[in-house]
Every structure is written in C-alpha cells, then in structure tokens.
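any chance you can model this:
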Amino acid sequence: MQYTETLSVASHERNQFIDVTPEVNLVVARSGIREGMCYLYVPHTTAGITVNENADPSVPQDILERLSILAPREGRYRHTEGNADAHIKATLVGVSQTVPVSGGKLLLGTWQGVFFCEFDGPRRRKLVVRVVGEGVG
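Coordinates of the predicted model:
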C-alpha cells in the first residue's frame, strides 16, 4: 500500500523551524498504513525538512543561529536575487527525510519532532508526505 498527500505549510518569518509532527501523523493515520515508512519531501530550493528535538524551543533557535553564521543573509554571493543564503541553508539541511511508521504513527524518539525549515519566508509552502507499507486488519 502507498498513500500520498501534500500539506500546505505557512511560515511567518524569514528563517523559521515549524513543527509539523502532528500534521504528518494525521496523514499517516489517514493512510491506513500501520507498519512501513514515511517519506517527507520539500519541493522548494529555499526550504528543507529535518528531524530534531521538539521539546525545547531553544534547540531549533540554536540551529537557525548557527546556519545564519555559516550562510549570512548579507554576503558576497554571485546569486543576486537576495536569497543566496536560503539556498545554502536548504542544501545544508536537505529536502527529504525518511521516518519509520509503527502502530500507525511516526516512530520518533522521545524528544524528536519533524520540522519544516523555512529560509526565505514568509511564504506558503508544500510538504509532500508519502506513506508506504502495510495496514493491519
């Protein structure tokens, strides 16, 4: 079995981690798949997806701050549209993640969550969620 759904994610800041764990778990539940894999894909060049701690909001803030040091907004870039830093950050974070599904839910660690990573917002973005596996009757 496989099930695909595209979520809409709205950011409100230029750089932002958005916890989408509840929304992705709802897609997994709608899929009817109990055991398998959940593939997450961001079809954008200035946004990404990651799995990290969602219990302490300072963790995503720390990551965003370090990414801004690695790729500052104002820099000597050849890409002159004003978002070269966002392309670099998206490349560093990546545009896909794979999370196991067990018992009809994402199999995440105690402190883990799924974050949509916005680097050129605010915008409305897409997150493709594909769940592949077996349902248990």
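
what segments of the protein are helices?
Remark: helices assigned in the chain by DSSP state H are 21-31, 58-70, 84-93.

burial measure for residue 118, as a count.
Number of residues near residue 118 (other Cβ atoms under 10 Å) recorded here: 28. For the C-beta atoms, the positions are set from N, CA and C on the backbone; glycine is no exception.

next, the contact list for the residue nearest to it when sequence neighbours are not counted, please.
Leaving aside its chain neighbours, residue 118 sits nearest to residue 11 (3.7 Å; criterion: Cβ to Cβ, 6 or more residues apart in numbering). Neighbouring residues of residue 11 by Cβ atoms under 8 Å, 6 or more residues apart in numbering: 18, 116, 118, 121-125.

just the buried members of these?
18, 116, 118, 121, 125 (16 or more other Cβ atoms under 10 Å).

among these, which pair sits farthest apart?
116 and 121 (10.3 Å; Cβ to Cβ).

re earlier: and of the helices of the chain, who's closest to residue 105?
Nearest of the helices of the chain (Cβ to Cβ): helix 21-31, 5.6 Å.

so for stretch 45-64, mean pLDDT?
Average pLDDT, stretch 45-64: 97.
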